[in-house]
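**Q** Give me a model of this one.
(one chain, ligands or ions: 1)
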Amino acid sequence: MNAITHEILDTFSQIAAIPRCSGNEAAISHWLQQWAGDHGFEYQADSVGNVVIRIPAAAGYEQAPIVVIQGHTDMVGQKTPESKHDFKTDPIRLVHDGDWLKADQTTLGADNGIGVAMGLVLAKDPNLAHPPLELLFTVDEEVGMSGASALGPEFVRGRILLNIDSENIMAIGDNENDLSMIEYAGVGVAMGNAVDKVKEAADFITKSNAESGVAHAIRTYLNK
Ligand SMILES: [Zn+2]
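**A** Just a heads-up that it's a prediction; the model follows:
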């Protein structure tokens, strides 16, 4: 596992330790504000618990347009009939199963905890060249979208927004080991040279490796 993946999973494990089902986001909102303060970033929270963290541009990119990176802090809480887990108070118990990260008898909350973790790790990477960023973490996406609906017009300044929820993630693959990823992503893409099973599971079949299929897929979806 590379260092960045490791850091994302480490950050995710801190997020997973905070009970945060929809409607119960006060603690995660507080944690995010604490995180921002600890890292010296300006931040703001609103009355429903949405948080924005403002990340200055990397040197030389100060004049670039602000990009908003948005995820949601809440998760769906479901568990097996025999589980004693209390979503109001208990941390999600993570289980490492080979290359898979799972939860013990409950939902994992990777939607959208992993997106929140990625945003935070991205923001504090000193080697990344990026424009000014606004990390926007909204509450209550899974139930009523009340967080996004409550957003004030001045809460974020950026006018370009990248939503990092799973529904909007594109995954591209060509072989059977890519199947689960392609099925999970909001937009699953098969390479033109992919095996039939991958093509059947995909939402879209792009060009082959030899014809720059990845670039074609990104361009096609960016233009939608
Ligand atoms: Zn989601």
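**Q** low-scoring stretches of this protein, by residue?
**A** 166-168, 222-224 (pLDDT under 70).
**Q** Near the ion, which residues of it? Just list them.
**A** Proximity of the chain to the ion, by Cβ under 5 Å from the ion, involves residues 111-112, 165. The C-beta positions use only the backbone N, C-alpha and C, and glycine is treated the same way.
**Q** where's Ser146 relative to the ion, distance?
**A** Noted for Ser146: a distance of 14 Å to the ion, by Cβ to the ion, to the nearest Å.
**Q** Next up, the contacts around the nearest residue to that residue once chain neighbours are set aside.
**A** Here the nearest residue to Ser146 in space, its sequence neighbours aside, is Asp140; by Cβ to Cβ, 6 or more residues apart in numbering that works out to 4.5 Å. Counting by Cβ atoms under 8 Å, 6 or more residues apart in numbering, Asp140 touches 22-23, 25, 48, 72, 74, 146-147.
**Q** now those in a markdown table, with neighbour count?
**A** Formatted as a markdown table, the contacts of Asp140 follow (neighbours: other Cβ atoms under 10 Å):
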| residue | neighbour count |
| --- | --- |
| Ser22 | 21 |
| Gly23 | 15 |
| Glu25 | 28 |
| Val48 | 16 |
| His72 | 27 |
| Asp74 | 25 |
| Ser146 | 16 |
| Gly147 | 25 |
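**Q** Quick one: mark the members of the residues you listed that sit in helices.
**A** Using DSSP state H, 146-147 are the members of the contacts of Asp140 that sit in helices.
**Q** with the contacts of Asp140 in mind, which one is nearest to the ion?
**A** Using Cβ to the ion, His72 comes nearest to the ion of these, at 5.6 Å.
**Q** That closest one and Asp165 touch, don't they?
**A** Yes. With contacts counted by Cβ atoms under 8 Å, His72 reaches Asp165, the gap being 6.4 Å.
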